[in-house]
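Pasting the sequence and the predicted coordinates here, then a few questions.
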Amino acid sequence: MRKWLCLVLLFSVSSAYGGVRVDLREGGKLYKDQKYGQALDKYMEALQKDPQNENASFGAGAAAYYLKDYASAEKAFEQTAEQEGKLAQDALFNLGNAYYRGGNSPKAIDAYRQALVKNPQDLEAIHNLQLILQQQDQQNKDNQNQQNQDDASPNQSQQNQNGQGQSPDEQQQRQNPSNPQDAMNKNDADRVMQMARENEHKKPTQTGAAQDNSVEKDW
């Protein structure tokens with residue numbers, strides 16, 4: 001009787017695992033065909049059968065990312081990274097992508113740094129981390145310049161009121177101050193933001209497209 005019960009339990013586990021493999025294959029095909037909504041459903045079905053399956057959580061994160069559901073992508077990639085499996089480093093990288101797209105740069109920076117701890121040679125993680133740090137540095141400079149202008153504005157107004165006897169050119173110059181450094185900073189900020197738009201972050205890894213356990217980066 002005990003042997004029979006063990007066989008029944010083993011068969012159930014084997015059937016569930018087989019169902020997960022089918023879900024992963026179907027999810028991978030749908031993902032490859034850019035049917036991200038349907039792919040997400042399949043990955044979620046796989047997670048219901050095997051909540052600890054890193055391929056399923058990673059695939060769910062990738063599909064949600066392309067649906068621009070960054071909150072769901074963050075949750076799925078976090079789950080994958082916590083497994084500390086073979087997909088952990090890719091999950092951390094793509095978690096950084098999801099945080100960045102969701103507008104959370106500080107968490108994106110932390111995720112990229114964790115990805116680099118696992119793989120210091122990940123050039124794309126280095127690139128994205130440097131890009132965000134450049135953006136933050138530029139924003140800090142722009143904020144400081146704006147603060148300096150705000151602090152100087154009362155004195156500027158007083159000087160304008162006392163501008164009698166000045167030449168029209170001098171008065172016009174005070175009324176319309178021009179700071180080449182500020183213009184340069186703004187141009188730099190625009191350039192960095194353009195780089196962020198043009199250099200689309202590394203696409204989430206495709207999972208289950210050909211083989212259940214195959215994982216490749218889209219370079």
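Right, received. Where do you want to start? Numbering: from 1, shown residues only.

buried ones in the longest helix seen in the chain?
Criterion DSSP state H: the longest helix present in the chain is helix 123-161. Residues of helix 123-161 classed as buried by neighbour count (16 or more other Cβ atoms under 10 Å): 124-125, 128-129, 131-132, 134-135, 138. Any C-beta I mention is one placed from the backbone N, CA and C, and that applies to glycine too.

what's the answer for stretch 112-123, then?
112, 114-116, 118, 122.

Please apply the same query to stretch 63-80.
Buried residues in stretch 63-80 (16+ other Cβ under 10 Å): 63-66, 69-70, 72-80.

ok, now stretch 18-31?
20-31.

For those, could you give me TSV that also reports secondary structure?
Below are those laid out as TSV (DSSP: H, G, I helix; E, B strand; the rest coil):
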residue	secondary structure
20	helix
21	helix
22	helix
23	helix
24	helix
25	helix
26	helix
27	helix
28	helix
29	helix
30	helix
31	helix
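
Now do stretch 80-97: everything it contacts.
Identification of contacts with stretch 80-97 by Cβ atoms under 8 Å, 6 or more residues apart in numbering yields 52, 54-55, 57-58, 61-62, 65, 73-74, 77-78, 108-109, 111-112, 114-115, 118-119, 122, 124-125, 128-129, 201-202, 204-205, 215, 217.

same thing but 6 Å
54, 57-58, 77, 108, 111-112, 114-115, 118-119, 125, 201, 204-205 (Cβ atoms under 6 Å, 6 or more residues apart in numbering).
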